Structure formats: C-alpha cells, structure tokens
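> This is a predicted model, with the sequence first.
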Amino acid sequence: MNNKRKIFIGSRKSNLAKQQTTLALNRLHSVGFTDIYEKYIMSLGDKITLKEFKSQGGKGLFTKEIDNLLISKNIDLAVHSAKDIPAFIDNRITIAAFLPREDTRDVLVTKNFNIKNILDIKEKIKFGSSSPRRINYLKKLFSFAKITNIRGNVESRIKKVRDNKIDATLLAYAGIKRLKLKYEDINFIKVPTKIILPAPGQGAIAIMCRKEDKEIINICKKIDHTDTRTTVTAERAFIKKINGDCFTPLSALAKINGNMLEINGGLFSSNGKIFSQATIFSSINRPVTAGEACAKKVLESFKK
C-alpha cells in the first residue's frame, strides 16, 4: 500500500468537527499516513434558521455539502458525527471507518448546582432544544417544563444557559468530553441511558469515502473500530426499518456483551403521546437483523 499518497480530508468548521477531524488524523498518522490536508467548510445546516433547517431536510444538511466534495473528488475522506448521517446515503459513497466510540449519554447542562440527577428537577423549568427525541423525552419526564427551540453549536447552546436565556439544555456528552469543556458556573449532569436513550450513532465518529476508491477503503480498514461499527450498524438498521429521519423522535443504543449484541430502541408518536421501547438480543455477527427486529417490535406497539 502506498503510504505516500496525498490525502485530502474534509469536515465542518465547528470546533467539535475540527476536534473530531484531529482524532481521525491521529489515527491515520498512527498507521503511517502523514501526507494529509484538511478542508473545512461552513455547511448549509450551520448557516440557516430553524424553519429553513426543517424545510430543507434537517441534519442531512450538515453532511450533504461535504459528501458532495467527496463525490466530486475534491476530498478523499469526510469526517462526520455518525448521528448526523442520514439513514440512506448516496450510493456512490460509503462509511469506510468508525473511530472508537465515546460516551453515548446525553448530559444536562444547567447553572443549578442543586441538581445532582436529572430526576431531581421538580419545579417549572425552561429547556432549550430542537431535537425531537430530546423534546419528547423531556415532555415525558417533566410535564411542567417549558421547552423552547434553540439551535447552534455546542458552545453557543451552553452560552444560552450561561446568559439565562434558558434554564437548561441537553447535549451529547461525547462533544463535551472531546472539547474538554469546563465552566465554573455550569453544572454538567450525565443522564443515564435508562432514562434517556441517545440518538442512533451518538458518540461515534464516521469516516466516509467514495466506494470506487479502493486504496482509501483499504487505508480506512486499518483504523476501523470493529465494535463501534457493529453497534452503529445495528442502530442505523433500526432507523431504516422505522423509515426515520432527523425529525423522527426515535432513539437507539446497541451494546456488545461478549459474543452477544443488545439493542434498545425507542419511538414516540408524532404527537408525543405514545412511546414504545423494545430490547433485542442477538449474535454480534447479525447487527442489521438485530436493529431491524428491534424496530419491528417497537412498531408493533403502535398497531395495538
């Protein structure tokens, strides 16, 4: 294999995306590939309003432009948060590698240091979120809560809490850890997955390339993390079977225990009044089957 190949890698301009790209670069460097050039873009998803975001396709806007750079051969690799990748992707590209997965939990972000556990919240509180999954879990847990829509990168959403525009928000703990964020006036409270299941792919970094680029695919095989691929594959199969997109209030988390794969999946009805959750156990060699079986079991509850 040609370790001298010049590789162009692309991602979004946010601090978190850059940090995730650095992790990918470090992995590539560790297997002998050092001639790598970075390209960062401000995606459409980062630029537009919430209303436009919803009307133009949601989270896929975070990945579409970078994937187009792949297809047009302006870059060789694209780095994404796995949870931002739509269930169905362009058939000219593929997820060539996953990096080792970070903590999958959500984290409650608040200035109230009296809260030690998310279930400690007992009185009226104003949450900020635009995630259908998080909004529905919050409504389920706290019928008294007021929820307002907010968007933005990790730091800007934390700033809304610091500036008292909202009392609290939920973020992916993986992003907080990767950015090494600490604030004297902010209380970060990790939320157990038994209370709020994460988004499919949460905590995982995916590296994409063109299907036709066999050399790059072979390079990516050297850094692909098998357990992360197995769990995220199961979670993505769950989304596909649900026929979900970024506006579908669903959640999924797969775990490996020895030779067994466990996947938990959840789905809210469009009005949030019905919630169904299921667990499936299978061989680690059948992640797609497990994800699909979990989705089927969840959907059966909506037919009753």
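Yep, that arrived. The model shown is predicted, which means the values in this text are computed figures rather than measured ones.
> Give me the neighbour count for T248.
T248 has 16 neighbours, counted by other Cβ atoms under 10 Å. For glycine as for every other residue, the C-beta is placed from the backbone atoms N, C-alpha and C.
> my read: it touches K241, true?
No - under the criterion of Cβ atoms under 8 Å, T248 is not in contact with K241, lying 11.7 Å apart.
> ok, the residue nearest the centre of the chain to F144 distance?
Most central in the chain under Cα atoms, centre = their mean is K83, positioned 2.5 Å from the mean C-alpha point. Using Cβ to Cβ, to the nearest Å, one obtains 29 Å as the distance from K83 to F144.
> same check, this time on I7
Taking Cβ to Cβ as the measure, I7 falls 52 Å from F144.
> Have a look at these two and say which one is more surrounded.
Taking neighbours as other Cβ under 10 Å, I7 and F144 compare with I7 leading, 19 against 9.
> For the more buried one, list each beta-bridge partner.
For I7, the beta-bridge partners are I36 (DSSP bridges).
> Could you pull up the residues touching it?
L28, F33, D35, I36, Y37, D76, L77, I216, I219 (Cβ atoms under 8 Å, 6 or more residues apart in numbering).
> what does V107 give?
Counting by Cβ under 8 Å, 6+ apart, V107 makes contact with L170, L171, A172, Y173, I176, F188, I189, K190, V191.
> what does E262 give?
Contacts of E262 by Cβ under 8 Å, 6+ apart are A254, K255, I256, T279, I280, F281.
> any idea which of the residues you listed has the most stuff around it?
Among these, the one with the most neighbours (other Cβ under 10 Å) is A254, at 29 neighbours.
> model confidence over the helix or strand hosting L70, on average?
Using DSSP states H and E, L70 sits in helix 60-71. Averaged across helix 60-71, the pLDDT comes to 82.
> Against which helices or strands is that helix packed?
Helix 60-71 is packed against strand 7-12, strand 36-41, helix 44-47, strand 77-81, strand 93-98, strand 205-210, with contacts defined by 3 or more Cβ pairs under 8 Å, 6 or more residues apart in numbering; DSSP states H and E.
> Make a markdown table from the ones you listed and add distance to I150 and mean pLDDT to it.
What follows is the helices and strands packed on helix 60-71, written out as a markdown table (distance: least, Cβ to Cβ, whole Å; pLDDT from 0 to 100):
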| stretch | distance to I150 | mean pLDDT |
| --- | --- | --- |
| strand 7-12 | 19 | 94 |
| strand 36-41 | 23 | 92 |
| helix 44-47 | 14 | 51 |
| strand 77-81 | 18 | 96 |
| strand 93-98 | 29 | 98 |
| strand 205-210 | 24 | 97 |
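> For I121, which of those is the nearest?
Judged by Cβ to Cβ, the one of the helices and strands packed on helix 60-71 that comes nearest to I121 is strand 77-81, at 27.2 Å.
> now that closest one and strand 36-41, what's the angle there?
Put simply, strand 77-81 runs at 50 degrees to strand 36-41, going by axes from the mean of the first three to the mean of the last three Cα atoms, to 10 degrees.
> Partner strands of strand 77-81 and their direction?
strand 7-12 (parallel), strand 205-210 (antiparallel).
> Can you classify E215 by secondary structure?
Following DSSP: H, G, I helix; E, B strand; the rest coil, the label given to E215 is helix.
> related to what we said a few turns ago, in PyMOL, select just the buried ones from the contacts of I7.
To isolate the buried members of these in PyMOL, using 16 or more other Cβ atoms under 10 Å:
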select buried, resi 28+33+36+76+77+216+219
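> Taking the contacts of I7 together, which two end up most distant?
Greatest spacing in the contacts of I7, by Cβ to Cβ: Y37 and I219 (14.8 Å).
> coming back round to it: out of the helices and strands packed on helix 60-71, deepest packed?
Most buried of the helices and strands packed on helix 60-71, by mean neighbour count (mean count of other Cβ atoms under 10 Å): strand 77-81, with a mean of 26.
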